[in-house]
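> Just need the structure, nothing else, for what follows:
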Amino acid sequence: MTSHSLPRIIQGGMGVGVSNWRLAKAVSRLGHLGVVSGTALNLVLVRRLQLGDPGGHMLRALRHFPLPDVAARIAERFYVPGGKKEAEPFAPIPMLHIRMTSSQVELLVASAFTEVFLAKESHTGLIGINLLEKIQLPTLATLYGAMLAGVHYVLMGAGIPNHIPGVLDAFSQGEPASLRIDASGEVQPEILFNPRNFMGASPPDLTRPRFIPVISSATLALTLARKANGMVDGFIVEGTSAGGHNAPPRGPMQLSCKGEPVYGIRDHADLQKIRSLGLPFWLAGSYGAPGKLEEALHLGASGIQVGTAFAFCEESGITPELKRLVLEKVRAGTIEVFTDPAASPTGFPFKVVRAGDSNLDQRERRTCDLGVLREAYLRQDQSIGYRCPSEPLQDYVRKGGNVGNTTGRKCVCNGLLATIGLGQSLSNGQLEPPLITAGDSLADIAPYLLRKSLNYNAADVIRMLSESSPVKNERLLLHS
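Numbering: from 1, shown residues only. Okay, here's the model as predicted:
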């Protein structure tokens, strides 16, 4: 991999399409690490194409895909000139499974390539992709597509991704890689991706991106540094105030009077132990304010990762209407972020923005028609099945699921797509309601709103983060 200086500021890889290619490109052009979300990119690409591909960006990126026949098949199948009718639902795509069809694999690879290609287009800055260990089925194909586009960093949280460095090593050399899938039962099935099967007999050698796992404890950092099957290039140390999924508290789950998980001193990462590993690390979780970069550097970090402040800037994927709703509440001091211990099908605590708006705060529909967060399980005949605690109760129990796992669950997949304007049209004529996540520091972005306008951009965030910092190198200078 080509050498480069480490970024001081990493933009978080948030949600489904919140950290889109536009946001990542804007941050990267300012000299920092822009990151695209790698979650559900197949769905994002398909729905953008069905909306008519405003601006022509998806089709332009597909024209650069190294397998023109694959790109043509995807465009022919999903592109709707002028966009679908507003009330018409998005055409579904089959949910992923361990034995995927060639068209499913093609779409995964091409969608990751497309997002990274657009983020990298027309500049030489750094681009990363963020994945979740909990979402395993698309991981191999998504990584390969991102590497085809020349991604510089891979970030991964929500688990212990000690197998990913070896995958990156294999793909960089055109070799196959496998991934063991978590499934209830004694047998742990594997999924395989072979570049030769996808690209032909002589797949290209690819640049191996740096791998930065997202961790919450020194124990996890030590485990990855010593037991990963390849090079770990650093860590993002994420506190419990960060948005999205949080690590569960260590020990039995206890809830506060508000119903949120209670975190204690055992849940704070031991930075001294992490520093002793000799690898770079970045601090995340409420580091989006002036002076926090300076604080992190003083603690021995290479920099910070910031999500929430970027999530509501002009370039992010959240719809303008939802940004305005949230930012109005931020300015009024009436916004709330609730750490919901039950909302996510993953079982991890999940931050939910409450804005006093019934369409935003209520999600009652139980469904699983996208399957991004489904879990694999072994049926009695040893075949593989799939279930989700957010699907209809009778379906989940029929598949052997514990009814206790369903309490309070929400359809996170559909909600997050609605947040970026890709929500499904429902049979009752309504649109899928959105689900917005943010860190506990959401209220702290109020200083960005000092002007009459509620708008601010990625450059404003970088400028604010760089204030009161002693760092003077060129990576922190804004380009006017």
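
> pLDDT-wise, which helix or strand of the chain ranks last?
When the helices and strands of the chain are scored by mean pLDDT, DSSP states H and E, helix 358-361 comes last with a mean of 50.

> From the contact counts, what lies against the following helix or strand past that one?
Using DSSP states H and E, the helix or strand that directly follows helix 358-361 along the chain is strand 375-378. With contacts taken as 3 or more CB pairs under 8 Å, 6 or more residues apart in numbering; DSSP states H and E, strand 375-378 sits against strand 183-184, strand 384-387. Where you see a C-beta, it was placed from the backbone N, CA and C, and this is true even at glycine.

> Which strands border strand 375-378, and is each parallel or antiparallel?
Strand pairing for strand 375-378, using DSSP bridges, gives strand 183-184 (parallel), strand 384-387 (antiparallel).

> what would those strands look like in CSV with distance to Gln50, mean pLDDT and mean neighbour count?
Formatted as CSV, those follow (distance: least, CB to CB, whole Å; pLDDT from 0 to 100; neighbours: other CB atoms under 10 Å):
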stretch, distance to Gln50, mean pLDDT, mean neighbour count
strand 183-184, 32, 72, 16
strand 384-387, 25, 90, 18
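
> These: which one's closest to Lys25?
Minimum separation from Lys25 across the strands paired with strand 375-378 (CB to CB) falls at strand 384-387, 35.0 Å.

> Need the residues that contact that closest one.
95, 97-98, 183, 189, 371, 374-379, 395-396, 399-401 (CB atoms under 8 Å, 6 or more residues apart in numbering).

> Mind giving me the ChimeraX command for buried ones among the residues you listed?
Per 16 or more other CB atoms under 10 Å, the buried members of those correspond to this ChimeraX selection:
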select :97,98,183,189,371,374,375,376,377,378,396,401
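
> tell me the helices in the stretch 101-250 of the chain, going along the chain?
For the stretch 101-250 of the chain, helices defined by DSSP state H, counting those that start in this stretch occupy the ranges 102-120, 139-148, 164-172, 195-199, 218-227.

> Low-confidence stretches in the protein?
1-4, 184-187, 357-365, 451-452, 468-480 (pLDDT under 70).

> tally of neighbours for Ser111?
Residues lying near Ser111 (other CB atoms under 10 Å) number 28.

> check contacts around it.
For Ser111, the contact set (CB under 8 Å, 6+ apart) comprises 41-42, 44-46, 142, 145.

> All the strands of the stretch 301-450 of the chain, residue numbers only.
303-306, 336-340, 350-354, 375-378, 384-387 (DSSP state E, counting those that start in this stretch).

> got JSON lines for the helices and strands packed on strand 375-378, with distance to Ile265 too?
Listed next are the helices and strands packed on strand 375-378 as JSON lines, based on distance: least, CB to CB, whole Å:
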{"stretch": "strand 183-184", "distance to Ile265": "33"}
{"stretch": "strand 384-387", "distance to Ile265": "36"}
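
> how about those strands, which one is nearest Ala201?
Per CB to CB, nearest to Ala201 of the helices and strands packed on strand 375-378: strand 384-387, 30.5 Å.

> pull the CA atoms of the closest one into PDB?
Output in PDB follows, covering the C-alpha atoms of strand 384-387 (Å, rounded to 0.1, in the frame of the first residue of the first chain):
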ATOM      1  CA  ILE A 384     -29.800 -22.800   7.000                       C
ATOM      2  CA  GLY A 385     -32.700 -20.600   7.800                       C
ATOM      3  CA  TYR A 386     -33.000 -16.900   8.500                       C
ATOM      4  CA  ARG A 387     -35.000 -14.900  11.100                       C
END
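
> about what we covered before: hmm, which of the contacts of Ser111 are the buried ones?
Among the contacts of Ser111, those scoring as buried are 41-42, 44-46, 142, 145 (criterion: 16+ other CB under 10 Å).

> Can you tell me which of the residues you listed end up in helices?
With helices taken from DSSP state H, the overlap with the buried ones among the contacts of Ser111 comprises 41-42, 44-46, 142, 145.

> Of the strands paired with strand 375-378, give the one that comes closest to Leu30.
strand 384-387 (41.4 Å).

> since we're on the residue nearest to Tyr456 when sequence neighbours are not counted, how many residues are nearby?
In this structure, Tyr456 finds its nearest non-sequential neighbour in Tyr448, 4.2 Å apart by CB to CB, 6 or more residues apart in numbering. Tyr448 has 22 neighbouring residues, counting by other CB under 10 Å.

> Could you report the distance from Tyr448 to Leu107?
To Leu107, Tyr448 is 37 Å away according to CB to CB, to the nearest Å.

> Likewise for Thr419?
22 Å.

> before we move on, what about Pro392?
Per CB to CB, Pro392 is found 27 Å from Leu107.

> now the strands of the stretch 301-450 of the chain as TSV including distance to Lys134?
Shown next, in TSV, are the strands of the stretch 301-450 of the chain (distance: least, CB to CB, whole Å):
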stretch	distance to Lys134
strand 303-306	19
strand 336-340	16
strand 350-354	12
strand 375-378	9
strand 384-387	14
